[in-house]
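Chemist: Requesting a structural model of the entry that follows:
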Amino acid sequence: MDEDVSDAMSFCFKNKIKCYPVSCGFGWKIQVDNNGKINTYSKILNDNNEKNDAVVKTYIHFYNKLK
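Modeler: Modelled structure (predicted):
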């Protein structure tokens with residue numbers, strides 16, 4: 001990954017963007033709170049590595065999108 005995840009997370013927090021996993025019965029989905037607008041992605045993640053990877057990639061995506 002090109003950007004450091006801590007820089008991406010810091011940038012997102014300052015711009016009121018939060019990303020976190022939410023339980024959905026059989027696994028997890030990624031949910032993003034973008035200044036109060038909540039979006040839940042439809043892909044179901046089954047293990048912790050996949051879930052953590054998705055959170056990191058989502059923060060980096062928003063960082064690159066808004067930077």
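Chemist: what mean pLDDT does stretch 18-31 have?
Modeler: Stretch 18-31 shows a mean pLDDT of 95.
Chemist: Longest helix in the protein, please.
Modeler: Counting residues, the longest helix found in the chain (DSSP state H) is helix 48-66.
Chemist: So which elements touch it?
Modeler: Packing partners of helix 48-66 (3 or more C-beta pairs under 8 Å, 6 or more residues apart in numbering; DSSP states H and E): helix 5-14, strand 17-23, strand 28-34. To be clear about C-beta, it is placed using only N, CA and C from the backbone, and glycine gets the same treatment.
Chemist: Quick one: distance of the longest one to the chain centre.
Modeler: Translated: helix 5-14. 11 Å (C-alpha atoms, centre = their mean, to the nearest Å).
Chemist: With stretch 57-67 instead?
Modeler: Worked out by C-alpha atoms, centre = their mean, stretch 57-67 lies 9 Å from the chain centre.
Chemist: Tell me which residues of it come out buried.
Modeler: The neighbour-count check on stretch 57-67 (16 or more other C-beta atoms under 10 Å) flags Thr58, Tyr59, Ile60, Phe62, Tyr63 as buried.
Chemist: Tabulate those in TSV, adding columns for pLDDT.
Modeler: Output for these, formatted as TSV (pLDDT from 0 to 100):
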residue	pLDDT
Thr58	96
Tyr59	96
Ile60	95
Phe62	96
Tyr63	95
